[in-house]
Structure formats: C-alpha cells, structure tokens
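Undergrad: structure for this input, please:
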Amino acid sequence: MSISLKEKLIDRFEGVPVYAMGEYHPKRGGENPKFDDFSQLILDFKDGKSEAIDLFSKALNGLFRRSSINQSQFVIATVPSSTKGKSHQGFESLVTELSKRYNVVNKSHNLLKRTASIEPAHKGGDRAISNHLSTLQVVRGNANIFDSPVVLLDDVTTTGNSLKAGIMKLQRSHAKVIAAIALGKTVT
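TA: Numbers count the residues shown, from 1 in each chain. The predicted structure is shown next:
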C-alpha cells in the first residue's frame with residue numbers, strides 16, 4: 001500500500017486550527033465503492049497495525065515541522081473512545097513514536113477520559129457536541145502539563161464535535177491548545 005498523507009485545514013474553532021490528514025470513506029458493511037486505501041489505513045490504525053502507525057507518525061512529523069507545533073515541548077491529548085475505559089491501540093503507539101522525535105511531556109497518559117460510555121456515532125449515536133461535553137473529563141495528573149502547548153488528536157471526525165468538545169474542555173482547564181488533528185475526515 002503506497003499512500004501519501006498531507007494535512008488539510010478543515011476548520012478553526014476557538015482560535016485553534018483543525019486539520020485532517022485525509023478523507024475517510026466508511027466501509028458501511030463493505031457496500032461503499034469509495035472505500036479506499038486511506039480508509040483501510042484508518043481501520044489499520046485503530047487496530048494498532050505498525051505500518052499505519054508509521055505512516056501517520058511520519059505525516060504528523062511533517063505537519064509539526066511546517067507549523068507552530070514544532071515547539072521545544074508539548075502535550076498530546078487524544079479524543080477517547082466512545083466506550084468508557086477503552087484505549088486506542090493506535091494512539092498509544094503513535095504517541096510513543098512521536099515521543100522519539102519530540103519532547104512530548106505526557107508519554108504515558110492522556111489528558112482526556114470518557115466518564116460514561118456513549119453510543120458510537122458510526123452506529124447511530126448522538127453526534128451533538130453536548131453529548132461529548134457531558135462525558136469528557138480533563139485528567140489533571142501532573143499540573144505542570146498545562147504549562148506546555150497541547151495538540152489534540154482524534155482518529156476520525158465527521159461533524160468535528162468530539163474535537164470541539166475536547167478543545168473546549170482543555171481550554172476551560174487553562175490548557176493552551178495549539179492544534180487539533182483528525183487522522184481522517186469522514187466524507188459521504
């Protein structure tokens with residue numbers, strides 16, 4: 001699989017640039033003729049496959065170098081799974097890989113957690129921002145973490161509401177969110 005990844009600015013929210021690394025076409029039971037190699041790469045990332053982790057790590061490295069994200073140190077937050085307590089295999093590996101190139105302050109824990117499970121959006125769950133705001137919580141942990149800029153990552157965004165809720169929660173906790181990045185942006 002030969003895929004070239006390049007970010008696209010898709011939005012600005014609360015002063016934060018929101019990027020997507022490519023267009024995601026859901027499988028929809030194998031019935032979507034637009035399902036492509038990039039869409040498969042997203043699914044491979046979610047499964048924690050090393051080729052997908054490596055490609056996204058390299059793509060994010062390029063974005064970081066071309067933008068204000070290329071800071072001396074920063075924090076990575078990820079939008080948590082819709083299932084409380086479930087972690088993304090792909091994000092754990094991706095943060096580890098990025099930590100090899102950058103001074104990532106929080107290599108081993110996320111700044112956001114889900115306080116209650118919600119129905120996944122791709123299964124018909126409520127996509128409203130209020131649904132995410134009511135179930136996301138900022139994990140304080142080390143208070144010094146909020147002295148560093150924060151990059152927020154999500155695997156797939158459709159409406160952008162999970163990223164927006166993450167930005168809002170982090171900013172309300174006085175974190176300086178400098179970018180939000182979805183690996184894939186759902187297109188229909």
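Undergrad: can you give me the buried ones in the longest helix seen in the chain?
TA: Secondary structure of the chain per DSSP state H: the longest helix is helix 50-66. For helix 50-66, the neighbour count (16 or more other CB atoms under 10 Å) marks 52, 53, 55, 56, 57, 59, 60, 61, 63, 64 as buried. Any C-beta I mention is one placed from the backbone N, CA and C, and that applies to glycine too.
Undergrad: my guess is the fourth one meets residue 5, correct?
TA: Yes - using CB atoms under 8 Å as the test, residue 56 is close enough to residue 5 to be in contact (7.1 Å).
Undergrad: what touches both of those two?
TA: residue 21 (CB atoms under 8 Å, 6 or more residues apart in numbering).
Undergrad: parallel or antiparallel, list what pairs with the lengthiest strand in the chain.
TA: Counting residues, the longest strand found in the chain (DSSP state E) is strand 176-186. Strand pairing for strand 176-186, using DSSP bridges, gives strand 16-20 (parallel), strand 23-24 (parallel), strand 149-157 (parallel).
Undergrad: please state the offset of the shortest one from the chain centre?
TA: Remark: strand 23-24 is offset 14 Å from the chain centroid, using CA atoms, centre = their mean, to the nearest Å.
Undergrad: so residue 99: helix, strand or coil?
TA: At residue 99, secondary structure determined by DSSP: H, G, I helix; E, B strand; the rest coil is helix.
Undergrad: burial of the closest residue to residue 49 other than its chain neighbours, as a residue count?
TA: Using CB to CB, 6 or more residues apart in numbering and skipping residues adjacent in sequence, the residue nearest residue 49 is residue 90, 7.9 Å away. Per other CB atoms under 10 Å, the neighbour tally for residue 90 reads 24.
Undergrad: the strand or helix carrying residue 90 to strand 149-157, inter-axis angle?
TA: Using DSSP states H and E, residue 90 sits in helix 89-101. Counting by axes from the mean of the first three to the mean of the last three CA atoms, to 10 degrees, helix 89-101 lies at 150 degrees to strand 149-157.
Undergrad: helix 89-101 packs against which elements?
TA: helix 37-46, helix 50-66, strand 75-78, strand 149-157 (3 or more CB pairs under 8 Å, 6 or more residues apart in numbering; DSSP states H and E).
Undergrad: average model confidence for that helix?
TA: Averaging pLDDT along helix 89-101 gives 90.
Undergrad: following element in sequence after that helix, please.
TA: Using DSSP H and E, the first helix or strand after helix 89-101 is strand 112-114.
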